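Trainee: sharing a model prediction with you, sequence too.
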Amino acid sequence: MNKEEYSKEEYEKILKELKDTEEMKRELEEKIKPLRDHRKKELKDDIEKMLSDEGFTLEDILNTSPDKNKKSNRKSTSNANYPTYVLKDNPEIKYTRGTPSEDIKKKMVECGYDPTEKGSFKQFKEKYMTKKPEETPQDTSQEDA
C-alpha cells in the first residue's frame with residue numbers, strides 16, 4: 001500500500017507542477033506579445049528600408065512568386081504605373097523597376113558604383129538617370145451616357 005500512496009502523491013505533485021508550468025507559459029506569452037509586436041514592426045521597417053535602398057517595395061517582393069491562378073501576362077492586367085528612368089547620357093538604356101539591366105550595372109561600375117552594394121543603385125539612379133516623361137495611356141474605358 002505504501003507504494004500506491006507514494007505513486008498517487010508523486011502523480012499529484014507532477015500534475016500540480018504541470019498546471020503551474022502551463023500557467024507560467026500563459027503569463028510569459030502575455031508578457032512577450034507586445035515585445036514581439038514591437039520587434040515585428042522593427043523588422044518590417046528594417047526590411048522595407050533595405051528594399052527601398054535597392055529600389056523595391058515590400059509588395060514588389062511579396063508579389064514576385066508565380067501564381068498559377070493569375071494570368072501570365074501581368075502587364076495587361078496591372079493597374080500599376082511605375083516610372084521609367086533613362087540614362088542621361090544614353091536614353092536608349094531604360095529602367096522601370098526590379099533588377100537593373102546588365103547595361104546599367106556596367107555603367108554603375110564605370111561611374112565607381114558597386115552594383116552589389118546596398119543603396120548604391122539608388123544613388124546612381126539619382127545622379128546618372130532621369131525620369132522619362134510619362135506616356136499618356138490610351139483610354140480604354142467606355143462611358144455610358
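Mentor: Sure thing, it's come through.

Trainee: quick one: residues contacting the residue nearest to Lys132 when sequence neighbours are not counted.
Mentor: Distances taken as Cβ to Cβ, 6 or more residues apart in numbering place Thr84 nearest to Lys132, at 4.3 Å, with adjacent residues excluded. Bear in mind the C-beta positions are built from the backbone N, C-alpha and C, glycine included. In this structure, Thr84 makes contact with Lys94, Tyr95, Thr96, Lys131, Lys132, judged by Cβ atoms under 8 Å, 6 or more residues apart in numbering.

Trainee: please tell me which one of these counts the most neighbours.
Mentor: Tyr95 (21 neighbours; other Cβ atoms under 10 Å).

Trainee: beta partners for the residue nearest to it when sequence neighbours are not counted?
Mentor: Distance criterion Cβ to Cβ, 6+ apart; nearest residue to Tyr95, sequence neighbours excluded, is Tyr85 at 4.7 Å. Taking DSSP bridges as the rule, Tyr85 bridges to Tyr95, Lys131.

Trainee: for the residue nearest to the spatial centre of the chain, what are its contacts?
Mentor: The C-alpha lying nearest the average C-alpha coordinate of the chain belongs to Leu58 (Cα atoms, centre = their mean; 3.2 Å). By Cβ under 8 Å, 6+ apart, the residues touching Leu58 are Lys44, Ile47, Glu48, Leu51.

Trainee: now do the second one, the pLDDT please.
Mentor: Confidence per residue is given as pLDDT, and for Ile47 that number is 91.
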